[in-house]
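Asker: next come a sequence and a model predicted from it.
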Amino acid sequence: MNKKVFTEKELKEMGTRTLDLVLQTIDSGNKEKAKELAQRMYKEFNYLHDGYMFWVTGLQSYIYRNYGIKALEEAERQAHTIEAKVVFKPPEKTDFRSLVENMASGLRGHLQPITIIEDDEKVTLTMKPCGSGERLVQKGGYEVGLARVTESHPITWGMRDFPIYCVHCPIMEMLDIENTGDFRLTHIVHEPLCQDSCQFVFYKNPGDIPEEFYRRIGKQKPATS
């Protein structure tokens with residue numbers, strides 16, 4: 001008979017969540033081992049994060065190339081409707097402070113550094129690099145077959161040759177206005193997209209939101225804003 005490859009201890013440890021191992025190691029006082037496990041947990045999550053990022057973008061590319069931009073928008077809208085019900089639920093608190101904190105919490109899931117700046121007009125959050133769209137470009141995803149949206153459209157903020165993964169940002173802006181009557185979150189972007197980090201912006205007074213932000217997604221700025 002073949003000898004066993006793993007000990008029972010190795011099998012148990014291999015199947016234990018890294019988070020549990022981190023907490024156990026902290027409790028035992030082994031700081032260096034805890035740091036090693038924290039780095040391991042980061043790598044494990046980042047591997048899965050990027051895998052899903054490429055997977056989703058591959059599905060988007062298939063929809064766009066075979067069924068066109070209208071189908072792409074419909075699919076994205078449907079996906080975000082489902083996500084909102086199951087995972088990305090609307091925040092229970094909708095005051096300005098809570099909205100900013102909720103966005104920061106979500107962005108931290110991309111595992112990239114975030115700079116947050118507040119001035120009299122707004123709060124701006126910037127990941128450098130953007131943990132998904134910008135990194136997908138940096139990783140060469142569009143050079144190995146992922147699609148770019150060639151035509152100008154509201155789901156591309158009116159840009160051409162738009163990285164297809166990023167269409168969810170304009171669509172989320174549209175859904176925001178359609179569901180609440182105005183923006184909660186806006187984006188300051190640069191053309192070509194993903195050559196510089198996008199900024200996630202919360203305006204304290206909706207009236208200060210530039211009219212162009214509405215026009216680029218095919219909306220009209222409310223007269224009361």
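Answerer: Alright, I've got the coordinates.

Asker: only C-alpha atoms from now on, for both contacts and neighbour counts.
Answerer: Fine.

Asker: residues near the nearest residue to residue 137 once chain neighbours are set aside, how many?
Answerer: In space, and not counting its chain neighbours, residue 137 is closest to residue 194: 7.0 Å by Cα to Cα, 6 or more residues apart in numbering. By the criterion of other Cα atoms under 10 Å, residue 194 has 21 neighbours.

Asker: spit out the contact partners of residue 56.
Answerer: Neighbouring residues of residue 56 by Cα atoms under 8 Å, 6 or more residues apart in numbering: residue 165.

Asker: that one sits in which helix or strand?
Answerer: Using DSSP states H and E, residue 56 sits in helix 31-67.

Asker: mind listing what's buried in that helix?
Answerer: 34, 37-38, 41, 46, 49-50, 53-54, 57-58, 60-61, 63-64 (16 or more other Cα atoms under 10 Å).

Asker: go on, stretch 189-198?
Answerer: So for stretch 189-198, counting by 16+ other Cα under 10 Å, buried means 193-194, 197-198.

Asker: one step back: any idea of the mean pLDDT for the helix holding residue 56?
Answerer: Averaging pLDDT along helix 31-67 gives 97.

Asker: how about the strands of the protein, start to end?
Answerer: 114-118, 122-127, 148-149, 162-163, 186-188, 199-203 (DSSP state E).

Asker: turn those into CSV, columns for mean neighbour count and distance to residue 172.
Answerer: CSV is the format used below for those (neighbours: other Cα atoms under 10 Å; distance: least, Cα to Cα, whole Å):
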stretch, mean neighbour count, distance to residue 172
strand 114-118, 13, 20
strand 122-127, 19, 17
strand 148-149, 21, 17
strand 162-163, 24, 16
strand 186-188, 16, 9
strand 199-203, 21, 12
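
Asker: would you turn those into a markdown table with distance to residue 17 and mean pLDDT?
Answerer: A markdown table is the format used below for the strands of the chain (distance: least, Cα to Cα, whole Å; pLDDT from 0 to 100):
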| stretch | distance to residue 17 | mean pLDDT |
| --- | --- | --- |
| strand 114-118 | 27 | 98 |
| strand 122-127 | 28 | 97 |
| strand 148-149 | 38 | 98 |
| strand 162-163 | 35 | 97 |
| strand 186-188 | 36 | 97 |
| strand 199-203 | 33 | 97 |
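
Asker: distance to residue 212 added to these, as JSON lines?
Answerer: Shown next, in JSON lines, are the strands of the chain (distance: least, Cα to Cα, whole Å):
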{"stretch": "strand 114-118", "distance to residue 212": "22"}
{"stretch": "strand 122-127", "distance to residue 212": "17"}
{"stretch": "strand 148-149", "distance to residue 212": "21"}
{"stretch": "strand 162-163", "distance to residue 212": "18"}
{"stretch": "strand 186-188", "distance to residue 212": "11"}
{"stretch": "strand 199-203", "distance to residue 212": "14"}
